[in-house]
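> return atomic coordinates for the entry below.
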Amino acid sequence: MYELDNPYYLYLLAAVPVVVVLFIAMMAWKRRIRKRFGDTRLLRELAPERSSNKPLLKMVLAVIAIAALSIALVNPKIGSRLETVKREGVDIVFALDVSKSMLAEDIQPNRLAKAKQLISRTLDELVSDRVGIIIYAGQAYPQLPITTDYGAARLFLQSVDTEIIPTQGTAIAEAIELATEYFDDEDQKNRVLVLLSDGEDHEEGYEEATQKAKENGITILTVGIGTAQGAPIPDMRNGYRIGYKRDEAGEVVVTQLQTDILKKIASQSNGEYVNGSNTRQVVKFLMDTIADMEKKEFESQVFSDYEDQFQWFLGIALLFLVLDTCILERKTQWFKRLNLFEKNEEDTK
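Model (predicted):
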């Protein structure tokens with residue numbers, strides 16, 4: 001098993017094709033200049049010690065050094081030992097509303113960003129609980145299976161936006177039904193579904209779905225995202241706001257937080273409702289609720305004792321940089337004897 005300490009430095013590998021293109025352009029420019037100056041064969045005889053292949057060799061060394069240095073900055077780590085650890089926790093599934101109304105900016109920067117922040121901050125507080133993520137709008141989709149990998153949860157959470165589901169609406173009932181099938185441990189007594197939504201444009205059938213979830217031991221905690229005053233829904237195109245959503249009469253559509261359905265779902269499943277405006281308050285509410293639940297002990301295997309591997313790639317980068325510095329563009333006797341690139345004189349006759 002491995003992990004990357006600073007994966008953003010992988011972007012430095014983009015310098016490799018740039019160096020290659022610049023080298024090809026420079027060689028083509030030199031070739032044109034030499035043709036203008038005089039006959040190519042005559043110039044070769046005037047400078048017999050000049051190697052035509054050393055520049056290519058130096059370029060290859062430089063490219064390898066850049067690639068190795070980039071990987072060294074990334075600092076790959078390799079897990080050297082697999083351990084079985086015992087943990088105690090509950091299973092938590094976050095169901096996140098990604099309908100267009102979640103782009104409203106009555107909560108800064110917008111409702112969706114606020115909901116994602118609430119999930120991320122909760123993940124920061126969790127220790128050994130298993131988490132999963134469901135997204136829904138007009139339909140519900142699994143985003144992350146239940147796991148103890150909080151890093152993967154944050155990664156998937158970052159990719160969530162309102163364009164990920166083309167069908168619009170708020171299929172709360174379908175999200176609850178999907179969550180009911182999502183929990184994969186039959187022995188887990190305490191299962192928590194955290195439903196984050198503005199409660200708008202919901203479809204019918206949520207009462208039956210909530211009752212089924214309750215029968216399966218699922219407690220639903222609902223978090224209302226938005227304000228009662230509401231805000232217009234931005235009309236986005238290619239990541240830029242071009243206006244606001246309008247109805248058939250041409251009036252700007254204002255979306256408001258609808259708490260009634262969220263409170264009913266929480267009450268019916270022995271859960272609670274909380275307003276999502278105050279991040280610290282919401283995270284405390286979720287953590288206090290989870291802390292009061294009975295924890296199930298389970299085993300999981302993890303890699304421990306991750307060892308840094310950057311020194312190997314740094315050594316390679318330094319070695320090839322030294323070689324690039326030491327190799328001159330004129331021919332050397334040992335390079336002539338190797339005769340790697342040049343044709344034999346007999347072959348030219």
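> alpha carbons only for contacts and neighbour counts from here, please
Noted.
> contacts for stretch 270-282?
With contact meaning C-alpha atoms under 8 Å, 6 or more residues apart in numbering, stretch 270-282 is reached by 107, 115, 117-118, 214, 219-226, 262-263, 265-267, 285.
> switch the cut-off to 6 Å
Thr219, Ile220, Leu221, Thr222, Val223, Gly224, Ile225, Lys263, Ala266 (C-alpha atoms under 6 Å, 6 or more residues apart in numbering).
> so the first one is in which element?
The reference is to Thr219. Thr219 belongs to strand 218-224 when elements are defined using DSSP states H and E.
> over to Arg130: give its phi and psi.
For Arg130, the backbone dihedrals (degrees, to the nearest 10) come out as phi -90, psi 140.
> my guess is it meets Thr148, correct?
Yes - at 4.7 Å, Arg130 and Thr148 qualify as touching, with contact defined as C-alpha atoms under 6 Å.
> just the contacts of stretch 270-282 now: which is nearest Gln168?
Ile225 (17.5 Å; C-alpha to C-alpha).
> roughly how far does the closest one sit from Glu207?
According to C-alpha to C-alpha, to the nearest Å, Ile225 stands 21 Å off from Glu207.
> domain-wise, how is the protein divided?
2-75+309-348, 84-301 (automatic domain parsing).
> so of the ones you listed, which one's packed in deepest?
Of the domains of the chain, the one with the most neighbours on average (mean count of other C-alpha atoms under 10 Å) is domain 84-301, at a mean of 18.
> and that domain, how far out from the chain's middle?
Computed by C-alpha atoms, centre = their mean, to the nearest Å, the chain-centroid distance of domain 84-301 equals 19 Å.
> now do the helices in the stretch 101-250 of the chain.
111-125, 150-158, 172-182, 206-215 (DSSP state H, counting those that start in this stretch).
> the first one - what's its average pLDDT?
This points to helix 111-125. In this model, helix 111-125 has a mean pLDDT of 94.
> hmm, who's touching it?
Against helix 111-125 from outside (C-alpha under 6 Å, 6+ apart): Met102, Leu103, Ala104, Ile225, Val283.
> from Asp161, how far out is Tyr9?
25 Å.
> let me fix that: Leu112
Counting by C-alpha to C-alpha - Leu112 and Asp161 are separated by 8 Å.
> do Met293 as well
For Met293, the distance to Asp161 - C-alpha to C-alpha - is 32 Å.
> then Ala317?
Applying C-alpha to C-alpha to Ala317 and Asp161 gives a distance of 40 Å.
> now do the same for the most centrally placed residue in the chain: its pLDDT.
In the chain, the residue lying closest to the centroid (C-alpha atoms, centre = their mean) is Leu155, at 3.8 Å. What the model reports as pLDDT for Leu155 is 90.
> got any ranges where this structure has weak pLDDT?
1-3, 37-52, 79-87, 185-188, 201-203, 294-306, 328-349 (pLDDT under 70).
> mind running it again at 80?
1-5, 30-54, 77-89, 166-170, 184-190, 201-204, 236-240, 294-308, 324, 326-349 (pLDDT under 80).
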